[in-house]
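**Student:** The sequence and its predicted three-dimensional model are supplied below.
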Amino acid sequence: MVSSPTYRIQKIIRRKINKADSEISKLNENQNKIEESTALLKHKVERSEKEANQWEEKNKDLTEAIKISQMKIDGFKEKRFQEIEKFEKEAVNLCELFGSTSAMNDGESIQAETHKLYQQIEQIHLEHEEINSELDKSRSELDDLVLYQVPYNQKEVEIPLGQRKLTLKLFEDALEKAKAQIEHLNQLKLQKEEELEKLISV
């Protein structure tokens, strides 16, 4: 039986329709995959932006804390320097006083003791200067790291929080060490003052 032209045309049209439906189905499937990927990517971008904002806030807080620590250290150093300077002046005056009265009070022994105390005071002064130098070095390194590091890309506009925490910890350790050393110097100062008082009362 020979197919009629109309039947053949209908068959060809149905094939094309089926093929088109198959292509449309594939396109719809691809579109769904693209939409899912887009949604996932959008979620990741939003999460990254949120995390970046959180890091930025933490970095700002840490930078402010570092600046406050620097101000406290500057004030602490200045106060201790003034105390040491005052103590040195008093010690020099006492040394001059002992020098002028040594003939009346077993001069040689007092002069020797005074010289010894003066040397100890000088040693205290040197230790104090060493502490100041250490603090200045730490502060300089911190300034270079926090204030002057040039960012190479957007991620480095703010210094990583871990690096800032490590630097701050080192700086705080240096401060505690300096406080302990200066406290030790204060104890030596009191001790030497007591020894000078004893010499005066001789």
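**Tutor:** Arrived safely.
**Student:** Which strands and helices lie in contact with whatever helix or strand Gln54 lives in?
**Tutor:** Here Gln54, judged by DSSP states H and E, is contained in helix 5-101. Helices and strands touching helix 5-101, by 3 or more CB pairs under 8 Å, 6 or more residues apart in numbering; DSSP states H and E, are helix 107-147, helix 161-201. From N, CA and C alone the C-beta is placed, and that goes for glycine too.
**Student:** so what's Lys192 scoring on pLDDT?
**Tutor:** Per-residue pLDDT puts Lys192 at 69.
**Student:** try the one 4 residues further on
**Tutor:** Per-residue confidence (pLDDT) for Leu196: 65.
**Student:** Against Gln123, how distant is Glu130?
**Tutor:** The spacing between Glu130 and Gln123, counted by CB to CB, to the nearest Å, is 11 Å.
**Student:** Equivalent analysis for Lys72, please.
**Tutor:** 27 Å.
**Student:** Ser48 too?
**Tutor:** The value you get for Ser48 to Gln123, if CB to CB is used, is 57 Å.
**Student:** What of Pro5?
**Tutor:** Separation of Pro5 from Gln123 (CB to CB): 119 Å.
**Student:** for Lys16, same thing?
**Tutor:** 103 Å.
**Student:** And for Asn18?
**Tutor:** Asn18 is 101 Å from Gln123, where distance means CB to CB.
**Student:** Same check on Glu194?
**Tutor:** Noted for Glu194: a distance of 17 Å to Gln123, by CB to CB.
**Student:** what do you get for Asp74?
**Tutor:** Counting by CB to CB, the gap from Asp74 to Gln123 is 25 Å.
**Student:** got it, and Gln10?
**Tutor:** On the measure of CB to CB, Gln10 and Gln123 end up 112 Å apart.
**Student:** Repeat that for Ala52.
**Tutor:** Ala52 is 52 Å from Gln123, by CB to CB.
**Student:** same check, this time on Ala39
**Tutor:** 72 Å.
**Student:** Next: Glu36.
**Tutor:** Between Glu36 and Gln123 the computed distance is 75 Å (CB to CB).
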